[in-house]
Every structure is written in structure tokens, then in C-alpha cells.
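[1] No letters, just coordinates:
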């Protein structure tokens, strides 16, 4: 595999901005990243306004349960196909795989308005679209070295990481107002056509990427996923530093998943439409960006402090305060503080895993980490909605039920954070 450009003697941001293959890949994936988050918003809009018939029938008045079911269908493919996708990508052209994923997602989304308005249909389409998405990410990562020289890999990956967070913030922020404007201007099915068009534009940008690839399939002949899995598990069993850091990240993403469900109902309590929950999640993303900047500039001064514990306590406090928040600006401020606290966990723990894991083990370890995180995302998505419905029904008040769940979750997060730090501090406190 040979880099198309820039010349080997150039590196850094200037080289990347002059590298047309990289720019095509970067802009294409950024647009696809925004489209992914807008699709997430579209799912909520379709549930709220699309008149989808519930299944089973007992969910007739349980919107939170339906939301959890859709989110599970969106998340499960990452658990089932995450490892398989990397193996499949090795056997095909990365460029063709990226284009195919975008075209297939566009076709599935555009087909939605013409299918029966049954909840099981929406679940199935969500599962299929999310499954295709699992093959896009490893193809994108594998294509980066093909578009830049070895000297540009560091800058390229840093730019991709920054744009990923930016894509999440932009997608969550513009999703609802964009769909409202399009639907008002062009009619009901225009939402799906708009989203499908974004994926097609992304495919067109990636099509313009000129890279040289080795013969497809040559890199995947000697892949033994079961042996790799066992080797990775043995490594984590004996390396408590890395495994304990992974525990902290797993708890973090479990809390984030619960917030995704609760943010929908919470947004209606602070002056937003329930379909505008993306603004609340985007505020958390902004807080994470500021947290990353804080760690980048001043993290060295606090490396002996229990940053993950502080982060968990901060998140628990925010969740408890959400129970009493009814003002928009307070809600946004608390959400940003939640994201800042999350960055105090995610930044140090992720950096620790990257630094302490040998290069020969990184693929296996990060594969296991992704699976653990995806499982951590699925469990809260499965139980948070039905639990909120059950508590609200028991107390005969949706508002009181939401408050009880938020207060309980805030307390649980604080306790879990303290327990996790107490268990891991002897291993972690001297290296973060």
C-alpha cells in the first residue's frame, strides 16, 4: 500500500490541507458522521410524530419503552458485528466499502416513507442501517494510511478525532430544526430524502479520493479471530492497570446511555420540545470539548489527583440537579458540566490504555474495549425507559417518576464512582 500524497518529506496540518485524497476522505466521513447523528434524531421524531403502531400492543402508552427498544436496535449491531466488520473490511477495497456503506444507508432511509407504519418495521430498518454503519468505521480508519504518508498519521488521526466530536455536536444541534424546516417546506417524506442525500454526497466525496490499494483480501488470509480474542482476554486478566481503566470507561458509557433516554423527557421539562433533546446532548458534547482542552493545558498539574472520582461525583451531582431543573439555561449549563466531568474520566483512562498497551496488543485490546462499551451502552438503553415508565405509573405522575429516576441514578453514579476508584486507586493513582 502506497500513500498517494503528500510527499514523504512533509507532515502536519499544512500537508493535510494540501492533500486532496485526505481532504476527500475527511470531508466525506465528517458528512457521514453528521448524518449518523441526524438519523438518531430522525428516529425520535418518527416515533413522536410518525404514527407508528406499537408492538407489542401493551406498549400503546409507553413511549419510553419504545424509545429504549429503538435505541437497542441501533446499538446491538455494534456488539454483534463490531469484530466481524474489521475482518470483512480487510478483504475488500476500503474505498469501495466506504462508498457502498453510504449508498446502502441512503437507500434504506429513503425507503422508510414507503414502508408500513409499524413499529416492528422501524426497529428492523434501524437494525439494518446500524449494521451497515459498523462496516464504515473500520474501513475509514484503514483508509487513512492510504491517503497520507507515515509522517502525516499523527496529525491525521488528531484531526479525525476532533472532527468526530464536532460532527456529534453539529448533528445533534441541527437535526430537529433542519427536519422541521424541510418537512414544513417540502412535505412529510422530505426528511428521509434529505438524510439519504447527505449519505450520497458523502459517497460522492469519497469517490473522488484517489488512493492506491493492495490486492483486496491479501491482508485477511491469516486472521484467526478466536485466537486473538483469547489472547486479548489473557492480557487483560494479567494487566490490572489496563483492565481497571477499562472498568472506569465502561461505567462512564453506561451513564451516558441512560442520559440519552432520559434527555428526551427532560428536554420537555426545561422548555424544549421532546424532539429537541439533541440540544441537551450537544451541550454535554461542548462540555467534553472544554474538558479535553482543560486536560490538554493543565492536566499535568493534576495528574496525582483522583480525576476519575471527581468526574463521577460531578456527573452524579448533575443528574440529581436535573431532577429539579426547569429553566433552559440551567439545563444547558448542567449538561455541559456533565460532559466536563465525563472528560475527566474518558481522557485520562483512554490515554492510559493507549500508553500502557504494547503496539502488538492494541488491536485486540481496543476491540475488547469497544465490545465492552457497546454492551455497557445497551443495558441502560434496555432498562431506563421501562423503569421510568414503571416508576411514573407507580407514583401516578410522569414528572415525579422522572425526578425519582434522576435522583436515584445520580446517587448510584456517585456510589459506583467511589467504589470503582476505591478498587482501582492503588493501580491507577500513580500513573494518571
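    Yep, it's here. If you're wondering where the values come from, they're calculated on a predicted model, not measured in any experiment. Numbers count the residues shown, from 1 in each chain.
[2] residues contacting the most centrally placed residue in the chain?
    The residue lying closest to the centre of the chain (CA atoms, centre = their mean) is residue 168, at 8.0 Å. If you count contacts by CB atoms under 8 Å, 6 or more residues apart in numbering, residue 168 has them with 33, 37, 282, 285. All C-beta atoms are positioned from the backbone trio N, CA, C, and that covers glycine.
[3] any chance of the residues you listed in JSON lines, with pLDDT too?
    Output for the contacts of residue 168, formatted as JSON lines (pLDDT from 0 to 100):
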{"residue": "33", "pLDDT": "87"}
{"residue": "37", "pLDDT": "84"}
{"residue": "282", "pLDDT": "80"}
{"residue": "285", "pLDDT": "79"}
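[4] So which residues of the stretch 101-250 of the chain form helices?
    Using DSSP state H, counting those that start in this stretch, the helices of the stretch 101-250 of the chain run over 119-147, 153-186, 190-207, 225-238, 240-269.
[5] Test my guess that residue 23 contacts residue 17.
    Yes. Contact status for residue 23 versus residue 17: in contact at 7.1 Å, counting by CB atoms under 8 Å.
[6] who touches residue 262 in this structure?
    By CB under 8 Å, 6+ apart, the contact set of residue 262 is 322, 384, 388, 402, 405, 406, 409.
[7] are any of those buried, and which?
    322, 384, 388, 402, 405, 406, 409 (16 or more other CB atoms under 10 Å).
[8] Average pLDDT for stretch 320-332, rounded please.
    Mean per-residue pLDDT for stretch 320-332: 90.
[9] Any idea how far apart the tips of it sit?
    End-to-end distance of stretch 320-332: 15 Å, with CA to CA, to the nearest Å as the criterion.
[10] what's in contact with it?
    So stretch 320-332 is contacted by 262, 266-267, 269-272, 279-280, 283, 334, 402-404, 406-407, 410-411 (CB under 8 Å, 6+ apart).
[11] Pull out the buried members of these.
    When the contacts of stretch 320-332 are checked for burial by 16+ other CB under 10 Å, the buried set is 262, 266-267, 269-270, 272, 279-280, 283, 334, 402-404, 406-407, 410.
[12] wait, which of those is closest to residue 142?
    residue 283 (33.3 Å; CB to CB).
[13] which residues does the closest one contact?
    331, 332, 333, 335, 336, 339.
[14] want to try TSV for those, with distance to residue 191, neighbour count and secondary structure as columns?
    Below are the contacts of residue 283 laid out as TSV (distance: CB to CB, whole Å; neighbours: other CB atoms under 10 Å; DSSP: H, G, I helix; E, B strand; the rest coil):
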residue	distance to residue 191	neighbour count	secondary structure
331	26	23	helix
332	26	20	helix
333	31	16	helix
335	25	27	helix
336	29	22	helix
339	28	27	helix
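[15] which of those lies closest to residue 174?
    For the contacts of residue 283, the nearest to residue 174 is residue 332 (16.1 Å; CB to CB).
[16] Need the nearest residue in space to residue 195, chain neighbours excluded.
    Leaving aside its sequence neighbours, residue 195 sits nearest to residue 109 (CB to CB, 6 or more residues apart in numbering; 5.2 Å).
[17] I'd like to know how far that neighbour sits from residue 133.
    Distance of residue 109 to residue 133, given as CB to CB, to the nearest Å: 12 Å.
[18] Please, which helix or strand holds residue 97?
    Using DSSP states H and E, residue 97 maps to helix 94-111.
[19] Can you tell me which helices and strands that helix packs against?
    The helices and strands touching helix 94-111, judged by 3 or more CB pairs under 8 Å, 6 or more residues apart in numbering; DSSP states H and E, are helix 20-49, helix 119-147, helix 190-207.
[20] Could you check the angle the shortest one makes with helix 94-111?
    Angle, helix 190-207 to helix 94-111, by axes from the mean of the first three to the mean of the last three CA atoms, to 10 degrees: 170 degrees.
[21] Summarise which helices and strands helix 190-207 is packed against.
    helix 20-49, helix 94-111, helix 153-186.
[22] and those, which one is worst for confidence?
    Per-stretch mean pLDDT for the helices and strands packed on helix 190-207 is lowest at helix 153-186 (a mean of 72).
[23] if we can go back for a sec, switch the helices of the stretch 101-250 of the chain over to CSV; also include distance to residue 290.
    Listed next are the helices of the stretch 101-250 of the chain as CSV, based on distance: least, CB to CB, whole Å:
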stretch, distance to residue 290
helix 119-147, 26
helix 153-186, 11
helix 190-207, 28
helix 225-238, 32
helix 240-269, 17
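[24] Which of those sits closest to residue 415?
    Using CB to CB, the nearest of those to residue 415 is helix 240-269, at 10.9 Å.
[25] if we can go back for a sec, now do the same contact list for the residue nearest to residue 195.
    With CB under 8 Å, 6+ apart, residue 109 has these contacts: 39, 125, 129, 192, 195, 196, 199.
[26] and if we set it to 6 Å?
    192, 195, 196 (CB atoms under 6 Å, 6 or more residues apart in numbering).
[27] contacting residues for residue 266?
    Residue 266 neighbours (CB under 6 Å, 6+ apart): residue 322.
[28] mind checking how far it is from residue 235?
    For residue 266 relative to residue 235 (CB to CB), the value is 40 Å.
[29] again with residue 411
    Distance, residue 411 to residue 235, by CB to CB: 35 Å.
[30] For the stretch 101-250 of the chain, give me the ranges with low pLDDT.
    Low-confidence segments of the stretch 101-250 of the chain, defined by pLDDT under 70, are located at 149-166, 169, 172, 214-230, 232.
[31] one step back: out of the contacts of residue 283, which comes closest to residue 376?
    Nearest to residue 376 among the contacts of residue 283, counting by CB to CB, is residue 339 at 17.6 Å.
[32] check contacts around the residue lying closest to residue 404 once chain neighbours are set aside.
    Excluding the flanking residues, the one nearest residue 404 by CB to CB, 6+ apart is residue 391, at 5.4 Å. By CB under 6 Å, 6+ apart, residue 391 lies in contact with 401, 404, 405.
[33] And the next helix or strand past the strand or helix carrying residue 391?
    According to DSSP H and E, residue 391 maps onto helix 362-395. Sequence-wise, the next helix or strand downstream of helix 362-395 (DSSP H and E) is helix 398-428.
[34] now that next one: how far from the chain's centre is it?
    Its chain's average C-alpha position is 21 Å from that of helix 398-428, according to CA atoms, centre = their mean, to the nearest Å.
[35] now stretch 102-111
    With CA atoms, centre = their mean, you get 20 Å for stretch 102-111.
[36] Buried ones in stretch 116-123, by neighbour count?
    By 16+ other CB under 10 Å, the buried positions in stretch 116-123 come out as 119, 122, 123.
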